[in-house]
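[1] whatever this is, show me its structure:
(chains A and B)
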Number of protein chains: 2
Amino acid sequence: MSGVEPHRLSLNTATVREQWNLAQCIEGCARHGFGGIAPWRDKLHEMGVTDAARAIREAGLQVSGLCRGGWFTESGVLDQAVIDDNRRAVDEAAELNAECLVMVVGGLSKNSRDLPAAWSLVEEGLAETLSYARKAGVKIAIEPLHPMYAADRACVNTLGHALDICDRLGDGIGCAVDVYHVWWDPQLEAQLTRAGKDRIMAFHICDWLVPTRDLLTDRGMMGDGVIDIPRLRGLAEANGFDGLNEVEIFSELDWWRKDADVVMETIAARGKSHC
Amino acid sequence: MSGVEPHRLSLNTATVREQWNLAQCIEGCARHGFGGIAPWRDKLHEMGVTDAARAIREAGLQVSGLCRGGWFTESGVLDQAVIDDNRRAVDEAAELNAECLVMVVGGLSKNSRDLPAAWSLVEEGLAETLSYARKAGVKIAIEPLHPMYAADRACVNTLGHALDICDRLGDGIGCAVDVYHVWWDPQLEAQLTRAGKDRIMAFHICDWLVPTRDLLTDRGMMGDGVIDIPRLRGLAEANGFDGLNEVEIFSELDWWRKDADVVMETIAARGKSHC
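    Residues are numbered from 1 along each chain as shown, chains lettered A, B, ... in the order given. Predicted coordinates:
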């Protein structure tokens, strides 16, 4: 593993969400030689999907994913508003020609402790969205989140669980593998092999800091933490993944406070030295 | 499931570590009608093992576990100081007639990102300690910790991984199942069945708060969070576990600041209503 060149990197817009709007992110990716971008939908809606799609195309960027669909569990039933929002997300992913629509599936339902019920609801929501996405030619990528988010963000927390769901739902659905969420898992190597090229739809990078000061917004720049990113990237690529390395860093105390061009330069440097 | 009566509860001394020494914990457990206690070794050494063993026996308390051995990984090799400390812990567990010696195995070695190396070191340390513990008649309980502790406290983070190790090491080693660490795991039910009576050596309870404000010291009182404790206790008991329900709550912002008798009364009440 000899590191990642900028043209093999994609910027997830969450990484500079406090500094740049989507137009600035697109321009910044082009200027820093990144190969792609992964917009969050709030920034996408701000800019407008059609304008964003055109600007991204003109900048020569791939869209490594659209963040995010999902959030199926909150009300305790799969209601029409959630179904509709996921269909809109599919349409947006299609218009952007995104590699996949990333799914953060939702945690426990409000006032509920029933985890198996949340799992069922998630699978129901994914099945519904998948059937719509297949017609639109959009791939659905379940992102298993770290188990510390099981209650309030996503109750699918291992690649193994995500792939069990994929097995049941069939073609067109796979996984977004974020090293932050899965690095600890003793089953990771086996599950990446099980996933294979078709179901590893995205590969996200950042780092796990020690200590981690906040459960959500204290993720690290590659190289500042303990994740062996080259090893994990090697496993993904050995199983056929050949997409971009998408950098997604939530960092209230550090990177969100820095000049965005410094963040981009640092990502480019660390891609070579620590990925 | 009709709740847990005080005589089926055990107090892990970490729950009132800021308020009471071990003598006070023993007296408090007896006064509140608890069935057992699980000392941490710092408090045990402060009181003296022989005195503590006698006081616990005279109070009519079981020792649901001794916390803790392990911590095998820090230096990157299994050094003699760590081996010796684990042997002392075994001796202490024997003198206390503890149900098990609980193992917090350690995270990544210092300045290392090599998780598979840490796993190997842990298994080596457990094997060494187990061979000593068998002669002493002490059972070794691996406590899989929540994956958010993989880097800095324990790199065994699922019951499945712990049981894989148990399978390789043989008799006399099992698991301490803490609902806080395992509640999110989609494999939990299957792995508890796999573990069975002989390898579920301890059952720890507290709750997962939403939001969780600190990775280590913001655990909740039973009923204040989202864990379905009755369901998990039911699974453990359906697989033969008949030991005490050990209450271990790290709570810098809340329970460590309250009068310890209020904490004990609350535990007793929540045992009935939320466990």
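
[2] got the end-to-end distance for stretch A:98-110?
    32 Å (CA to CA, to the nearest Å).

[3] what mean pLDDT does that stretch get?
    Mean pLDDT, stretch A:98-110: 98.

[4] for it, list every residue counted as buried.
    Neighbour counts over stretch A:98-110 (16 or more other CB atoms under 10 Å in any protein chain shown) mark A:98-109 as buried. Placement of C-beta: from N, CA and C, glycine included.

[5] before we move on, what about stretch A:22-42?
    Neighbour counts over stretch A:22-42 (16+ other CB under 10 Å) mark A:22, A:25-26, A:28-30, A:32, A:34-41 as buried.

[6] check stretch A:50-68 too.
    When burial is assessed from 16+ other CB under 10 Å, stretch A:50-68 yields the following buried residues: A:52-53, A:55-56, A:59, A:61-68.

[7] over to stretch A:249-257?
    A:249-251, A:254-256.

[8] can I get the buried residues of stretch A:50-68 in TSV including distance to residue B:4?
    TSV is the format used below for the buried residues of stretch A:50-68 (distance: CB to CB, whole Å):
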residue	distance to residue B:4
A:52	56
A:53	58
A:55	60
A:56	57
A:59	61
A:61	57
A:62	55
A:63	53
A:64	49
A:65	46
A:66	47
A:67	43
A:68	40
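
[9] near chain B, which residues of chain A show up?
    Applying CB under 8 Å from any CB of the partner chain, we find that chain A lies next to chain B at A:108, A:112-115, A:119, A:146-148, A:150-152, A:155-158, A:160-161, A:164, A:183-187, A:208, A:210-212, A:215, A:225-228.

[10] about what we covered before: which two of the buried residues of stretch A:22-42 have the greatest separation?
    A:32 and A:41 (23.1 Å; CB to CB).

[11] need the max-distance pair from the buried residues of stretch A:249-257.
    Most distant of these, by CB to CB, are A:250 and A:254, 10.2 Å apart.

[12] and the residue in the stretch 151-275 of chain A that chain B sits nearest to, what does it touch?
    At 3.7 Å from chain B, residue A:184 is the closest residue in the stretch 151-275 of chain A, using CB to the nearest CB. By CB atoms under 8 Å, 6 or more residues apart in numbering or on different chains, the contact set of residue A:184 is B:115, B:147, B:150-151, B:155, B:157.

[13] quick one, what contacts the residue lying closest to residue A:139 once chain neighbours are set aside?
    Among residues not flanking residue A:139 along the chain, residue A:100 sits closest, at 4.4 Å (CB to CB, 6 or more residues apart in numbering or on different chains). The neighbourhood of residue A:100, defined by CB under 8 Å, 6+ apart, consists of A:65-66, A:93, A:138-141, A:174, A:176, A:201-202.

[14] contact partners of stretch A:105-121?
    A:70-78, A:122, A:125-126, A:142, A:149-156, B:183-184, B:186, B:226-228.

[15] what about it, how long is it end to end?
    9 Å.

[16] residue A:122 is in contact with residue A:155, isn't it?
    Yes: between residue A:122 and residue A:155 there is a contact at 6.4 Å, judged by CB atoms under 8 Å.

[17] okay, and the common contacts of those two?
    With CB under 8 Å, 6+ apart, residue A:122 and residue A:155 have common neighbours A:73, A:105-106.

[18] distance to residue A:232 and secondary structure added to those, as CSV?
    Shown next, in CSV, are those (distance: CB to CB, whole Å; DSSP: H, G, I helix; E, B strand; the rest coil):
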residue, distance to residue A:232, secondary structure
A:73, 28, coil
A:105, 22, coil
A:106, 26, strand
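
[19] of those, just say which sits nearest to residue B:261.
    Nearest to residue B:261, judged by CB to CB, of the shared contacts of residue A:122 and residue A:155 is residue A:73 at 39.4 Å.
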